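*Asks:* Quick one: sequence and predicted model below, then my questions.
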Amino acid sequence: MKLTAHKRWIVWAFAFLLGSLGMAVAANDLSLQTSIFSPESAPADSIKHLSFLVLGISGAIFAVVTGMILYATVRFRQRPDDDGKEPPQVYGSNPVEAAWTIVPILIVVVLALSATRVIQEIQNAPKPESALDVVVTGHQWWWEFSYPKLGIVTANELHVPVSSPQKRLPTFLQLRSADVAHSFWVPRLSGKTDVIPNRHNQVWIEPQRAGLFVGQCAEYCGTQHAKMLLRVYAHTPEDFERWASEQKAVQAEGPQVAAGRMVFQRTACINCHTLDNTIADGRFGPSLSHLMSRETLGAGALSNSPANLRAWINNPSQFKPGVRMPAMNLSDSDLDQLVAYLATLK
């Protein structure tokens, strides 16, 4: 069946709408954990309201301009009975010129004042005594989290307490970079903030419920920028205290993993990593203390399990090309002993 030009336009429009709907559904599935429109923290909530204001004003402008274009297209289209003469020309209109000058100025003023208010509200927020301090250091390509008051250092997974109206427990993050420019962004908790070498920026989050919130480095920082993920776990105050106690606890070591400890201490691992109660005091790689309490390896490159840990140590570049950690080239027996030892670090 041969379609007329009119019917072809209808088919193409219908196909476009179906494709757009499919893309929107797919995007929604992928952004369930990263949508700025479902905030779970005070700063993110302020950003959402500002974005709705901007979206509303932009949508109104789009509707007005599109409506005028459509009206002009239909009202002044060429008709079969036109004589071909140019219609009367109007040069200058004080009301129109005043409107397209004053209205944009008012729009810009409203947007500027609204954005300034949100920026001041977030950046100059008072810090309560109950606030948790965390130093965040961006590395290529992983995150280091240090809790100065608690004596805890971990990597890629930030643990914070949930705040409530009765007891505010915000977390203030000091952002630093060990190498190049990064950007700390957990969309449901706060806005994007740059992490710049030789400069300390600050951002704060205040989750309102317990749960996992996914973030990402939002500034291109090298080959594995896309795999510089971060995870924020918000706990009830009681669960957070329990997590902190576990992170500070001395880990017992059985005789069955003593051989793996010896492998760890005689290899280059100790030059890059830190591990409590060992001679390892490196600063180039993540702390391995309580390694197995983390959900992922390589800043989200793969899930954390003994099997994946073995594969990671054997050849990390197969999961994260360009990663700074070299292949250790250990024998199978040494690799098994090392993994058995690291698997006890919970």
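*Replies:* On my side now, so go ahead.

*Asks:* okay, CA-based contacts and neighbour counts for the rest of this
*Replies:* Fine.

*Asks:* What distance do you get for residue 248 to residue 293?
*Replies:* Separation of residue 248 from residue 293 (CA to CA, to the nearest Å): 12 Å.

*Asks:* Correction: the previous question concerned residue 177.
*Replies:* Here the criterion is CA to CA. By it, residue 177 lies 25 Å from residue 293.

*Asks:* With just CA atoms, put the helix or strand hosting residue 260 into PDB.
*Replies:* The secondary structure element spanning residue 260 is helix 258-266 (assigned by DSSP states H and E). Taking Å, rounded to 0.1, in the frame of the first residue of the first chain, the C-alpha atoms of helix 258-266 are listed here in PDB:
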ATOM      1  CA  ALA A 258      49.200 -15.700  58.300                       C
ATOM      2  CA  ALA A 259      50.800 -16.800  55.100                       C
ATOM      3  CA  GLY A 260      48.700 -14.300  53.100                       C
ATOM      4  CA  ARG A 261      49.800 -11.500  55.500                       C
ATOM      5  CA  MET A 262      53.400 -12.400  54.700                       C
ATOM      6  CA  VAL A 263      52.700 -12.200  51.000                       C
ATOM      7  CA  PHE A 264      51.100  -8.800  51.400                       C
ATOM      8  CA  GLN A 265      54.000  -7.400  53.400                       C
ATOM      9  CA  ARG A 266      56.800  -8.600  51.100                       C
END
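
*Asks:* Packing partners of it?
*Replies:* Helices and strands touching helix 258-266, by 3 or more CA pairs under 8 Å, 6 or more residues apart in numbering; DSSP states H and E, are helix 332-342.

*Asks:* Give me the residue at the spatial middle of the chain.
*Replies:* Nearest to the geometric centre of the chain sits residue 215, at 2.7 Å (CA atoms, centre = their mean).

*Asks:* what's the helix or strand for it?
*Replies:* Short version, using DSSP H and E: residue 215 is in strand 211-217.

*Asks:* With residue 68 instead?
*Replies:* With secondary structure defined by DSSP H and E, residue 68 is part of helix 42-75.

*Asks:* swap in residue 270?
*Replies:* Using DSSP H and E, residue 270 falls in helix 269-272.

*Asks:* What are the contacting residues of that helix?
*Replies:* Identification of contacts with helix 269-272 by CA atoms under 8 Å, 6 or more residues apart in numbering yields 264, 279, 280, 281, 282, 283, 284, 285, 286.

*Asks:* Let me know the average pLDDT across the one helix or strand residue 95 maps to.
*Replies:* In this structure, residue 95 sits in helix 94-123 according to DSSP H and E. Helix 94-123 comes out with an average pLDDT of 91.

*Asks:* how far does that helix sit from the chain's center?
*Replies:* Mean-position distance between helix 94-123 and its chain equals 30 Å (CA atoms, centre = their mean, to the nearest Å).

*Asks:* Just checking: what are the partner strands of whatever helix or strand comes next after that helix?
*Replies:* Where DSSP H and E defines the elements, the next helix or strand beyond helix 94-123 is strand 132-139. Here strand 132-139 has these sheet partners by DSSP bridges: strand 142-147 (antiparallel), strand 171-177 (parallel).

*Asks:* Of those, which is nearest residue 106?
*Replies:* Checking these against residue 106 by CA to CA gives strand 171-177 as the closest, at 35.7 Å.

*Asks:* The following helix or strand past the closest one: how far from the chain's middle?
*Replies:* Later in the chain than strand 171-177, the nearest helix or strand by DSSP H and E is strand 182-185. Distance of strand 182-185 from the chain centroid (CA atoms, centre = their mean) equals 7 Å.

*Asks:* Stretch 304-318 now?
*Replies:* Centroid separation for stretch 304-318 versus its chain: 25 Å, with CA atoms, centre = their mean.

*Asks:* same check, this time on stretch 231-242
*Replies:* In terms of CA atoms, centre = their mean, the centre of stretch 231-242 is found 19 Å from the chain centre.

*Asks:* avg pLDDT for that stretch?
*Replies:* On average, stretch 231-242 scores 93.

*Asks:* picking up where we left off before, can I get the contacts of helix 269-272 in CSV including pLDDT and distance to residue 181?
*Replies:* Formatted as CSV, those follow (pLDDT from 0 to 100; distance: CA to CA, whole Å):
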residue, pLDDT, distance to residue 181
264, 80, 32
279, 83, 31
280, 79, 28
281, 77, 25
282, 78, 22
283, 78, 18
284, 81, 17
285, 82, 18
286, 86, 18
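
*Asks:* Only whichever of those residues are buried, select them in PyMOL.
*Replies:* PyMOL command restricting the contacts of helix 269-272 to the buried ones, with burial defined by 16 or more other CA atoms under 10 Å:
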select buried, resi 264+280+282+285+286
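
*Asks:* tell me which element residue 277 is part of?
*Replies:* Using DSSP H and E, residue 277 sits within no helix or strand.

*Asks:* Show residues contacting stretch 139-158.
*Replies:* Stretch 139-158 is touched from outside by 133-138, 177-180, 221-222, 224-225, 227-233, 244, 247-248, 286-289, 294, 298-300, 323-324, with contacts defined as CA under 8 Å, 6+ apart.

*Asks:* meant to ask about stretch 234-250, not that
*Replies:* Residues from elsewhere that reach stretch 234-250 (CA under 8 Å, 6+ apart): 150-152, 159-162, 207, 209-213, 289-290.

*Asks:* which parts of it are buried?
*Replies:* Applying 16+ other CA under 10 Å to stretch 234-250 flags 234, 235, 236, 237, 240, 243, 244, 247 as buried.
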